[in-house]
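Colleague: just need the structure, nothing else, for what follows:
(one chain, ligands or ions: 1)
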Amino acid sequence: MADKKIAGDIKGYLYYLRDIGIEELPVKKAGGSGQGSGVVNPDTKTFGVGEDMSLESVREELGDCKRCRLHKGRTNIVFGVGNPNASIVFVGEAPGEDEDLQGEPFVGKAGQLLTKIINAMGLKREDVYICNVVKCRPPKNRNPEPDEIATCRPFLEKQLDAIRPKIIVALGTHAAQTLLNTTEKITALRGQFYWYRDSIQVMPTFHPSYLLRNESKKGEVWEDMQMALKALGLKIPEKKGKT
Ligand code: URA
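Modeller: Numbering: from 1, shown residues only. As a prediction, the model looks like this:
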């Protein structure tokens, strides 16, 4: 218990240093000469600092979850997929039918569009992390209820604590409202950055399902993704054809 607390404190201090611009620290290797011989980076698993806060441990804690009514209709828990050290995380609303059957987020029609958006950003699905606010499919794809979101929220927060991305893209109203603790609509929120826990920038944008019904909004999503790429210090690829 005490070890966990110390590891948590060290990790928090490393994030604080990163937030004020210190990305690396010289460290002495055990049994080394006393000269700096390595680096500590809060985004890596150096020293095992992140071990008890890993995605695996979050998944383990979630277990065969029956904390809310959504477990009754699910085939699979849809936890999340992608790079555990991703600098950008995409958060959707809830699994749909395809996701429930496959146990992976964003694999249906909306997911294929999300994959195209990620690819248009010059990234692959494996480079980023993708998850949802709630991990089980709501019946008939209805919106998740506030109490279901509240029950699942700690697991989303722990996933984000484990990954510590630089940017979170909140896909649609439910993700944006959950992450930003607001009741504002996505139309009002999108197009600018907000802070999640004072250290991670959140870019709310339209949900890919909404884009499937409103093609004309794709340009706005591309503008939001360009802002995300800029904030990550990545080059904005030239747009090739239609997404
Ligand atoms: N819509 C979501 O919000 N999440 C998914 O995983 C699929 C569709």
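Colleague: just checking, what packs against whatever helix or strand Ala176 lives in?
Modeller: Using DSSP states H and E, Ala176 sits in helix 172-180. Applying 3 or more CB pairs under 8 Å, 6 or more residues apart in numbering; DSSP states H and E, one finds that helix 172-180 makes contact with strand 88-92, helix 146-163, strand 167-171, helix 186-189, strand 194-196, strand 200-205. Quick note: C-beta positions are derived from backbone N, CA and C, even for glycine.
Colleague: rerun at 7 Å
Modeller: With contacts taken as 3 or more CB pairs under 7 Å, 6 or more residues apart in numbering; DSSP states H and E, helix 172-180 sits against strand 88-92, strand 167-171, helix 186-189, strand 200-205.
Colleague: tell me which stretches of this protein form strands.
Modeller: In the chain, the strands defined using DSSP state E lie at 25-26, 39-40, 81-82, 88-92, 129-132, 167-171, 194-196, 200-205.
Colleague: looking at the ones you listed, which is closest to the ligand?
Modeller: Nearest of the strands of the chain to the ligand, taken as CB to the nearest ligand atom: strand 88-92 at 2.9 Å.
Colleague: Val180 reaches Gln201, doesn't it?
Modeller: Not Val; residue 180 is Leu. No - here Leu180 does not reach Gln201: they are 11.4 Å apart, not a contact under CB atoms under 7 Å.
Colleague: so what's the spatially closest residue to Leu62 that is not a sequence neighbour scoring on pLDDT?
Modeller: Residue nearest to Leu62 in three dimensions, not counting chain neighbours: Phe155, with 5.4 Å by CB to CB, 6 or more residues apart in numbering. Phe155 is assigned a pLDDT of 98 by the prediction.
Colleague: equivalent analysis for Thr243, please.
Modeller: 72.
Colleague: contacting residues for the residue nearest the centre of the chain?
Modeller: The centroid of the chain falls nearest to Val89 when counting by CA atoms, centre = their mean (3.1 Å). By CB atoms under 7 Å, 6 or more residues apart in numbering, the contact set of Val89 is 128-129, 160, 163, 165, 168.
Colleague: then stretch 198-206 to PDB, C-alphas only?
Modeller: Provided in PDB are the C-alpha atoms of stretch 198-206 (Å, rounded to 0.1, in the frame of the first residue of the first chain):
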ATOM      1  CA  ASP A 198      -5.300  20.900 -15.900                       C
ATOM      2  CA  SER A 199      -2.800  18.900 -17.900                       C
ATOM      3  CA  ILE A 200      -4.400  17.200 -20.900                       C
ATOM      4  CA  GLN A 201      -5.900  19.200 -23.700                       C
ATOM      5  CA  VAL A 202      -9.300  18.100 -24.900                       C
ATOM      6  CA  MET A 203     -10.600  18.800 -28.400                       C
ATOM      7  CA  PRO A 204     -14.300  18.100 -28.600                       C
ATOM      8  CA  THR A 205     -15.600  17.400 -32.100                       C
ATOM      9  CA  PHE A 206     -18.500  15.800 -33.900                       C
END
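Colleague: does any bit of it sit next to the ligand?
Modeller: No - for a cut-off given as CB under 6 Å from any ligand atom, stretch 198-206 has no contacts with the ligand; the smallest distance is 11.7 Å.
Colleague: which parts of that stretch are buried?
Modeller: For stretch 198-206, burial by neighbour count (16 or more other CB atoms under 10 Å) applies to 200-206.
Colleague: and what of stretch 62-75?
Modeller: Those would be 62, 65, 68, 70, 74, for stretch 62-75 by 16+ other CB under 10 Å.
Colleague: is that stretch in proximity to the ligand?
Modeller: No - on the criterion CB under 6 Å from any ligand atom, stretch 62-75 is out of touch with the ligand, staying 12.6 Å away.
Colleague: what does this protein put close to the ligand?
Modeller: Selection of the chain residues close to the ligand by CB under 6 Å from any ligand atom yields 92-96, 99, 105-106, 108, 110-111, 132, 209.
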